[in-house]
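Q: just coords:
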């Protein structure tokens, strides 16, 4: 199969190729709302409004008008010659078409026009050229136009009616060239995503490191995967995303692209680690790769949008970081400690036991569908409180507090933030002397806000008695922070 045949599903001109060859003259609409008129004069009625990027067959000329046929609408008519660009789909035309594609890559709002010219280039260029780095460049451009158009659609809710009408026209033009889009909803926001076929071709061809990086970043966007995937499908998807990112040579990239690949790797490997651990598979390697990728990010080379991505990646790594720790061995079974047991309907039951109260009569019991990181359990010196990391989702980790009271032991949950679960973690950072306070680090993004906080929390109410955005600004963190927390946390990055 020739490369042209392999690319046939990517970009098909809007008329039969046989007809195009016979006509040997096409025109691409370059202006939005161009009128397809019944006669070659301005007073003639408009049979349709055309959008930039649409392809027409040219059948003649009348004064300042071209006589054209629109195969999609199955209608002929006349358009002003100044509102279209005439092309001939032959090899001699290919270099000029590619020059236009290169120019349009720098033109915001011209995505549909760029898709039309990229499709024309793919049709005109010889197969051996399409297989070269020039062909990869055209595919990279086609994918970039499609991704930019999807981003415009994702932010269209606040646009005026005329802008939304224009966007709908451009999406329709893209669809005619075989460009597919998917629609997803996450955290109350709608996302349109390019389905990525051209980017997959770029990865399969001899592309540059930068081209591969752009393709990998586009294909692995978290917001472009369904939030309703079952756990096993989610695990396979994240494993595929990790493999795509690992195919990029990060060392050969400019600093800003290298950072973005590393941040995406960190987030994806953290998700893989969580899903592997939930299935009972070894997750230490995936979690360690997430931590290494995050540590390799050069914060001095951030672009305008990179700080947010870095914080989100760090929170996802922080949520799953306990997967990198080996299972802890217990030296003293006489003091209160945690054991787990299977619960009903796939739950895990967390049991607090000691020398006198075994799993049949635990001091406290709470069941959950979340991942319980038993290696995280920390008992205070007084033996009156225990902290435990529990992770309900790949990007959200809570802190369970077991505490004794005159009525026995009870369990309370400290979330990363008082919002709907999105992305974040709350983690034990140390015990303050006296048995009634603990050190907590919390980091979360929810309801559009990001917050990182180091807190002194009362065990009886879980209220913060003091807090700061920097750990060193809290006196107790300077004196009582836990050494293992300090060496493992990502909150001190």
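A: Structure received. As the structure is a computational prediction, the values presented were derived from the model and not from experiment.

Q: Please report the distance of the residue in the chain sticking out farthest from the centre from residue 82.
A: What lies farthest from the middle of the chain is residue 63; by C-alpha atoms, centre = their mean that is 51.6 Å. Note on residue 63: its distance to residue 82, by C-beta to C-beta, to the nearest Å, is 12 Å. Glycine gets a C-beta too; all of them are placed from N, C-alpha and C.

Q: what's the answer for residue 206, then?
A: From residue 206 to residue 82 the distance is 40 Å (C-beta to C-beta).

Q: same question, residue 31
A: Residue 31 is 8 Å from residue 82, by C-beta to C-beta.

Q: Of these two, give the one with the bigger neighbour count.
A: residue 31 (16 against 12; other C-beta atoms under 10 Å).

Q: contacting residues around the residue nearest to that one when sequence neighbours are not counted?
A: Nearest residue to residue 31, sequence neighbours excluded (C-beta to C-beta, 6 or more residues apart in numbering): residue 83, at 4.5 Å. Residue 83 makes contacts with 29, 30, 31, 34, 50, as judged by C-beta atoms under 8 Å, 6 or more residues apart in numbering.

Q: Kindly report the same for residue 102.
A: Per C-beta under 8 Å, 6+ apart, neighbours of residue 102: residue 141.

Q: Mean confidence (pLDDT) on whichever helix or strand it is part of, please.
A: Residue 102 belongs to helix 94-104 when assigned by DSSP states H and E. Average pLDDT, helix 94-104: 96.

Q: How about stretch 290-304?
A: 94.

Q: ok, residue 68 touching residue 59?
A: Yes - counting by C-beta atoms under 8 Å, residue 59 is a contact partner of residue 68 at 6.5 Å.

Q: Of those two, give the one with the bigger neighbour count.
A: Neighbours per residue, other C-beta under 10 Å: of residue 68 and residue 59, the larger number sits with residue 68, 23 against 12.

Q: For the nearest residue to the more buried one once chain neighbours are set aside, list each beta-bridge partner.
A: Spatial nearest neighbour of residue 68, excluding adjacent residues (C-beta to C-beta, 6+ apart): residue 56 at 4.0 Å. Under DSSP bridges, the beta-bridge partners of residue 56 are residue 27.

Q: so residue 56 sits right up against residue 72, yeah?
A: No - counting by C-beta under 8 Å, residue 56 sits too far from residue 72 to count as a contact (9.4 Å).

Q: neighbour-wise, which of the two wins?
A: residue 56 (28 against 14).

Q: So for the residue nearest to residue 460 when sequence neighbours are not counted, what's the pLDDT?
A: Leaving out its chain neighbours, the residue that sits closest to residue 460 by C-beta to C-beta, 6+ apart is residue 436, at 6.8 Å. On the pLDDT scale, residue 436 is placed at 93.

Q: What's the local residue count around residue 436?
A: Neighbours of residue 436 (other C-beta under 10 Å): 15.

Q: Could you pull up the residues touching it?
A: 458, 459, 460 are the contacts of residue 436 under C-beta under 8 Å, 6+ apart.

Q: Export those to a markdown table and append columns for distance to residue 189 and neighbour count.
A: Formatted as a markdown table, those follow (distance: C-beta to C-beta, whole Å; neighbours: other C-beta atoms under 10 Å):
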| residue | distance to residue 189 | neighbour count |
| --- | --- | --- |
| 458 | 36 | 13 |
| 459 | 37 | 23 |
| 460 | 38 | 12 |
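
Q: Identify those among those residues that sit within strands.
A: Within the contacts of residue 436, residues falling in strands by DSSP state E are residue 458.

Q: Using pLDDT, spot the least trustworthy of the contacts of residue 436.
A: Of all the contacts of residue 436, residue 460 carries the smallest pLDDT score, 92.

Q: pretty sure that residue contacts residue 403?
A: Yes - using C-beta under 8 Å, residue 460 is in contact with residue 403, at 7.4 Å.

Q: thinking again about what came up before, thought the residue farthest from the centre of the chain was touching residue 42?
A: No - contact criterion C-beta under 8 Å: residue 63 and residue 42 do not qualify, at 10.7 Å.

Q: Local confidence estimate at the nearest residue to residue 275 once chain neighbours are set aside?
A: Distances taken as C-beta to C-beta, 6+ apart place residue 235 nearest to residue 275, at 4.1 Å, with adjacent residues excluded. For residue 235, the model assigns a pLDDT of 93.

Q: so what's residue 86 closest to, chain neighbours aside?
A: Counting by C-beta to C-beta, 6+ apart, residue 86 lies nearest to residue 27, which is 5.0 Å off, once chain neighbours are set aside.

Q: got the contact list for the one you found?
A: So residue 27 contacts 55, 56, 57, 58, 66, 68, 79, 84, 85, 86, 87 (C-beta under 8 Å, 6+ apart).

Q: thinking again about what came up before, counting only helices, which of the contacts of residue 83 make the cut?
A: Among the contacts of residue 83, no member falls in helices (DSSP state H).

Q: Tabulate the residues you listed in a markdown table, adding columns for pLDDT and distance to residue 311.
A: A markdown table is the format used below for those (pLDDT from 0 to 100; distance: C-beta to C-beta, whole Å):
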| residue | pLDDT | distance to residue 311 |
| --- | --- | --- |
| 29 | 97 | 43 |
| 30 | 97 | 42 |
| 31 | 96 | 43 |
| 34 | 96 | 45 |
| 50 | 97 | 45 |
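
Q: farthest-separated two in these?
A: Farthest-apart pair in the contacts of residue 83 is 30 and 50; separation 10.0 Å (C-beta to C-beta).

Q: okay, those two: which has more neighbours?
A: Legend: neighbour count by other C-beta under 10 Å for residue 30 and residue 50, higher for residue 50 (25 against 19).

Q: give the contact list for that one.
A: 29, 33, 34, 35, 36, 56, 70, 79, 83.

Q: Quick one: those residues as TSV, columns for distance to residue 415 too.
A: Output for the contacts of residue 50, formatted as TSV (distance: C-beta to C-beta, whole Å):
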residue	distance to residue 415
29	53
33	51
34	55
35	58
36	58
56	58
70	57
79	60
83	57
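
Q: what's the closest of the residues you listed to residue 177?
A: Ranked by distance to residue 177 (C-beta to C-beta), these are led by residue 29 at 13.0 Å.

Q: Neighbours of that closest one, how many?
A: Residue 29: 25 neighbours (other C-beta under 10 Å).

Q: residue boundaries of the helices in the stretch 101-250 of the chain?
A: Taking DSSP state H, counting those that start in this stretch to define them, one finds helices in the stretch 101-250 of the chain at 111-124, 127-130, 133-154, 161-176, 197-204, 209-219, 231-246.

Q: To residue 486, which of these lies closest?
A: Using C-beta to C-beta, these put helix 231-246 closest to residue 486, at 28.6 Å.

Q: Which neighbouring elements make contact with the next helix or strand after that closest one?
A: Where DSSP H and E defines the elements, the next helix or strand beyond helix 231-246 is helix 255-278. Packing partners of helix 255-278 (3 or more C-beta pairs under 8 Å, 6 or more residues apart in numbering; DSSP states H and E): helix 209-219, helix 231-246, helix 284-295, helix 306-320, strand 371-379.

Q: Neighbouring strands - and their directions - for the last one?
A: Looking at strand 371-379 with DSSP bridges, its paired strands and their directions are strand 385-393 (antiparallel).
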